[in-house]
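1. coordinates for the following, if possible.
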Amino acid sequence: MIRIISVKIIITIIVFFFSTPIKFSALASENKILFKVNNELITTIDIFNEINYLKSINKNISNLENEKIIEIARNSLIKDKIKKIALTPIVKKMEINDDDFKRILISNYSNTGFTKIEEIFLYLKKYNIKPRLIRNKMTIQAIWSQFIYDKYSKNIKIDIDKLRQEIKKNDIQTEYLLSEIVFDLKEEQTINEKFDIIKNAIKENGFANTALIYSISETSTSGGDIGWVSENSINKKILKKIIEININSFTEPLVVPGGYLILKVNEKRVAKKDIKIEDELEKIIGIKTNEQLNQFSNIYLNKIKKDIIINEL
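-> Numbers count the residues shown, from 1 in each chain. Prediction:
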């Protein structure tokens, strides 16, 4: 059974490193075990490295208080450890080939504008992120994604003929630049209680930083950023809710498999397009497939974490 650990003890150990200029080698000499996820250990260096990784993905995290940053890093590490624990019995070798690693790394850092591996590694040096660390993270991410696909691909439901017809009749499309927060509820917590907490956090910290804190989606590390999505790619019930709100506003929580979804509309645009139907169809199928796989991932992660034991050391 998973037990939530207070970040106060972690803060007393590592907050010093936020306020005092110190070399990374000095931090290493002070490395302490903080807690254990089943038999997987998490140390002060792990927290420090995770914070640097999160900052390299999303610079907005630096605007948060240290306590929140540490909590986000802790939760991110716990999620990775749970995935690793689940994968270890079924994966012979926890590794990916160089081509897959490069592809995933470029995809993860696409928002930085870098398209070459060498540029990304130079960028990561600024955050004291070593190649081994980033490869380990990308490896767990890639193997978990493949595992979820293998397990749930048969459950993906997409009406391809209906999509094709909608593309044919809509040469003028509205696209939305969206961000998301996907959340679940603690035991005995109501949807209204959690939504009030999230709304207050959005008011205080902004939507992107609130996604970092509360979202269980894989997009949380990028502040919930989904990107531009055409109306053909969006579930009709969800699209109706999006149409009802203004730019820079967000929806009420929407029930989705594995939790609840809040969507923010950052921008929208309308354009007449010379659409190649099959290319557009392939793009939309990809978006809908990833959306459903992310939902299955959240469902499975919530299922297995109930049997995970986290002990403070």
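2. now do the helices in the protein.
-> 8-14, 16-19, 24-29, 44-57, 66-87, 98-108, 117-125, 131-152, 160-169, 191-205, 207-214, 236-244, 277-305 (DSSP state H).
3. now do the domain split for the protein, please.
-> 8-153, 165-275 (automatic domain parsing).
4. take those and write them to JSON lines, including distance to residue 283 and mean neighbour count.
-> (Each C-beta comes from the backbone N, C-alpha and C, glycine too.) Below are those laid out as JSON lines (distance: least, C-beta to C-beta, whole Å; neighbours: other C-beta atoms under 10 Å):
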{"stretch": "domain 8-153", "distance to residue 283": "16", "mean neighbour count": "16"}
{"stretch": "domain 165-275", "distance to residue 283": "8", "mean neighbour count": "17"}
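5. ok, of those, where does mean pLDDT dip lowest?
-> Within the domains of the chain, confidence is poorest for domain 8-153, with a mean of 83 (mean pLDDT).
6. for the residue of the chain most remote from its centre, what are its contacts?
-> Distance from the C-alpha centroid of the chain, by C-alpha atoms, centre = their mean, peaks at residue 169 (34.3 Å). Contact analysis of residue 169 by C-beta atoms under 8 Å, 6 or more residues apart in numbering lists nothing.
7. check which helices and strands the longest strand seen in the chain sits against.
-> Looking across the chain with DSSP state E, the single longest strand is strand 259-272. Contacts defined by 3 or more C-beta pairs under 8 Å, 6 or more residues apart in numbering; DSSP states H and E place strand 259-272 against strand 172-183, helix 191-205, helix 236-244, strand 254-256.
8. what's the closest of those to residue 35?
-> Nearest of those to residue 35, taken as C-beta to C-beta: strand 172-183 at 23.1 Å.
9. that older thread, dump the longest strand of the chain to CSV, keeping only the CA atoms.
-> Backbone C-alpha positions of strand 259-272 (Å, rounded to 0.1, in the frame of the first residue of the first chain) are rendered in CSV as follows:
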residue,chain,number,x,y,z
GLY,A,259,-9.2,10.1,-13.8
TYR,A,260,-10.5,13.6,-14.5
LEU,A,261,-9.4,16.1,-17.2
ILE,A,262,-9.1,19.9,-17.2
LEU,A,263,-8.4,21.5,-20.5
LYS,A,264,-7.1,25.1,-21.0
VAL,A,265,-7.5,26.9,-24.4
ASN,A,266,-4.4,29.0,-24.9
GLU,A,267,-5.1,30.0,-28.5
LYS,A,268,-7.3,29.0,-31.4
ARG,A,269,-7.1,29.5,-35.1
VAL,A,270,-9.3,28.9,-38.2
ALA,A,271,-7.7,28.0,-41.5
LYS,A,272,-8.8,26.8,-44.9
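10. for residue 207, list the residues it contacts.
-> 179, 181, 223-224, 250, 264.
11. now swap in residue 255 and tell me
-> Applying C-beta under 8 Å, 6+ apart to residue 255 gives the contacts residue 261.
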